[in-house]
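Chemist: Quick one: sequence and predicted model below, then my questions.
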Amino acid sequence: MILLLKFEARENALDIIRNDKVIYTVSDSENGVFPISFGKGENSYSMNHGTFKIKEKIKTKAPCKTEKIICEDERALVYLDIVGGEKCKVMLTIDGDRLKVEFEDLDDYNRMWLRLPATDDEYVYGSGELFSEFDVRGKNVNVWVAEHINAVQIAKKLLKQLVGVTNTTKKQPFEKYETYYAQPTFLSSRKYFFHSLTTARAEFDLTQREFHTIKTDEIAPFYIGFGDSFEEIMTSLTDIVGRQPELPEWVYDGQIIAVQGGTELYDKAIRTAEENELCANGIWIQDWEGRRVTAAGKQLFWNWEWDKELYPELDKRIKQNNEKGIRTLGYINPFLAVEKPLYKEASEKGYCVKDKKGNDYLVKITTFPAAMVDFTNPDAWNWLKEIIKKNMIEFGLSGWMADFGEYLPTDCVLFSGENPELVHNTWPARWAKLNREALEETGKLGEIMFYTRAGYSDTPRYSTMMWCGDNHTDFSIDFGLPSVIPAMLSLSCCGFGLSHSDIGGYTSFFNLSRSDELYMRWCEMNAFTLLMRGHEGLNPDLNAQFDSSKDILRHGSKMAKIHKALKPYLMDAVKYNSETGVGVIRPLFFYYDEPEAFEQNYSYLLGRDILVAPVLRPGTIEKEVYLPDDEWVHLWSGREHGGGYFTVRCDLGDPPVFIRKNAPVLEVLTNTINEIKDILEG
């Protein structure tokens, strides 16, 4: 093994050296205190519809002083005196270009504070999937899995809209946000990553000028990894958290349209797609298992069996459409509807998460309660996995949305006896693993895919794809169309490189509805992401759909053909992600060391050669775009640009997209666009 890092011990100090340069010194600081403190504390949690209020009481916090340091080749031992008389041992191990830090003799502590050096000009990214920010330098980040969009936020937004306040550019305070996908990982512009192996809640205080403070609610090992490039760093990080496999080839062959409501509407949607050349490679019917209409909208009956009354002869339709290259996708989540047969079976067998009285713990999602399958019970795990195998895979579905995973309460009782406070964050990763095992055990991995919305540290190794959750059907910067760009970028910085969003968003109430313009702008953006997939939304009747007008149909046909033309390019990018951990959606700074590149929250690279700056505000026909220092060709006009800021025309159907000069994909896309023009003019 080539050691890229090395240790050098001095009196009560340990230098960590990379390329003959000291990059960090482990020692007591000027005030005689080591950069790690330990303590004791307890949290109290209250959960309402997946959103959490957390109160913490710190009982003790003790600084440390160095007693002695011993170097042993690739390992160093630091012996600490914890103020108060106790001692502990810190083990630092070199693993290539990573440093792993572990602890011994700390059984009486459940809090740790770590300080890492920071600089004024540093940028920090990650901590999971963030929708309102990309760079989190200057923020205090709570790393805890939760519902991203809670009922209180929706109510406040709707109240403002009802009285005529529709500001789409104003963000809520950062501390108000939660996220479906949290991960104790961050990526620094100084070319290193931090990743903790904790499963407890963590906090990243990135507000101080000279240091970052990482607090974890348990004593857990952590990694710090270095690299000469951001690609090297992502490979190092994903060696730890895992990588996604390559996707089935069919997912690139156009767009997945969405419909619900029964076989008649399913058939009609496919006819419409064929008649209008929408390049439909799939049709997503989330209510294949039945639906219920609630005060919130058209929702689903969470009983994972084919609803033969709503979808008569669906089994035959699936086979017929597979032969035409149109796959059928469904939906599942880890809950069970209490009115349906599967819940009755699971309850009788003791397969549900319990409350402290021994009853099934029923969680209220929107307007109805549901039970949770207990993933810590091996029999329950296998029971639900067999349901997926028989009722979804054997039935003929080619993919599905594996929804939720965020709702495990901290006051529940698990079959395993584990502390739910330490299990909560891992729940969505366990849910992804269950779905992944169903594919592997049936030999369908690589033929069938699923996409998850919630996640934690192990999710990159188990899920096949993410989607950005229940975004609002509007242009609002923190919940609508713009929000999915920092979400995808931050996922890539955490090692999850395959992501996409619902075309048009999902959450709609009252006058919060999807316009034709919003649908088309979202559609054209998704043409330049990994996957084009629609969603009817929570209230379909309020929203523009893929077939709502001739203009939308023409627009959808154009963008789907462009997306299909990207198939070889996207397949190469997905393969590269599976091998290196470098995501399909990439920040500009991965390749361009320019201040502006580090500050681009709403532009991204699709693979290496395509820069996309989606239109994010209604009524926009021109947009100023930043291009890093390179040679770029504007896709629609063919004009060449160097680096800098440029104003470009961006009519509907012509989003700001630039290709690196001489990249083969430029010719492919140009030929496709010319073919589309010939068809329209002919």
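Modeler: All right, it came through fine. Predicted model only: the values in this text are computed from it and were never measured.
Chemist: pull the CA atoms of stretch 594-603 into PDB?
Modeler: Only the C-alpha atoms of stretch 594-603 are listed here, as PDB (Å, rounded to 0.1, in the frame of the first residue of the first chain):
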ATOM      1  CA  GLU A 594     -12.800  29.800  -9.400                       C
ATOM      2  CA  PRO A 595     -14.600  31.700  -6.700                       C
ATOM      3  CA  GLU A 596     -17.800  31.900  -8.800                       C
ATOM      4  CA  ALA A 597     -17.800  28.200  -9.400                       C
ATOM      5  CA  PHE A 598     -17.900  27.500  -5.600                       C
ATOM      6  CA  GLU A 599     -20.900  29.900  -5.400                       C
ATOM      7  CA  GLN A 600     -23.200  28.400  -8.100                       C
ATOM      8  CA  ASN A 601     -26.200  27.000  -6.300                       C
ATOM      9  CA  TYR A 602     -28.500  26.700  -9.300                       C
ATOM     10  CA  SER A 603     -26.300  25.600 -12.100                       C
END
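Chemist: Distance from the chain centre to it, please.
Modeler: Centroid separation for stretch 594-603 versus its chain: 20 Å, with CA atoms, centre = their mean, to the nearest Å.
Chemist: If you count neighbours, what's buried in that stretch?
Modeler: For stretch 594-603, a neighbour-count test (16 or more other CB atoms under 10 Å) marks 596-598, 600-603 as buried. (C-beta placed from N, C-alpha, C; glycine too.)
Chemist: Flag the shaky bits of the stretch 51-200 of the chain, pLDDT-wise.
Modeler: By pLDDT under 70, the weakly predicted segments of the stretch 51-200 of the chain are 150-167.
Chemist: Quick check: chain neighbours aside, which residue is closest to residue 280?
Modeler: Among residues not flanking residue 280 along the chain, residue 273 sits closest, at 3.8 Å (CB to CB, 6 or more residues apart in numbering).
Chemist: Kindly indicate whether that neighbour is helix, strand or coil.
Modeler: The three-state label given to residue 273 by DSSP: H, G, I helix; E, B strand; the rest coil is helix.
Chemist: for the chain, what's the longest helix?
Modeler: Using DSSP state H to define each element, the chain has its longest helix at helix 664-681.
Chemist: hmm, who's touching that helix?
Modeler: Helix 664-681 has contacts (CB atoms under 8 Å, 6 or more residues apart in numbering) with 554, 558, 561-562, 565-566, 568-569, 607, 609-610, 633, 635-636, 638, 659-660.
Chemist: cutoff 7 Å now
Modeler: For helix 664-681, contacts defined as CB atoms under 7 Å, 6 or more residues apart in numbering pick out 558, 561-562, 565, 569, 609-610, 633, 635, 659.
Chemist: Kindly report the same for stretch 300-319.
Modeler: 262-263, 266, 286-292, 328, 331-333, 335-337, 340-342, 370, 387, 391, 395-396.
Chemist: Give me the neighbour count for the closest residue to residue 227 other than its chain neighbours.
Modeler: Excluding its sequence neighbours, the residue lying closest to residue 227 (CB to CB, 6+ apart) is residue 233, at 3.9 Å. The tally of other residues near residue 233 (other CB atoms under 10 Å) stands at 24.
Chemist: does residue 233 sit in a helix, a strand or a coil?
Modeler: The three-state assignment at residue 233 reads helix, by three-state DSSP.
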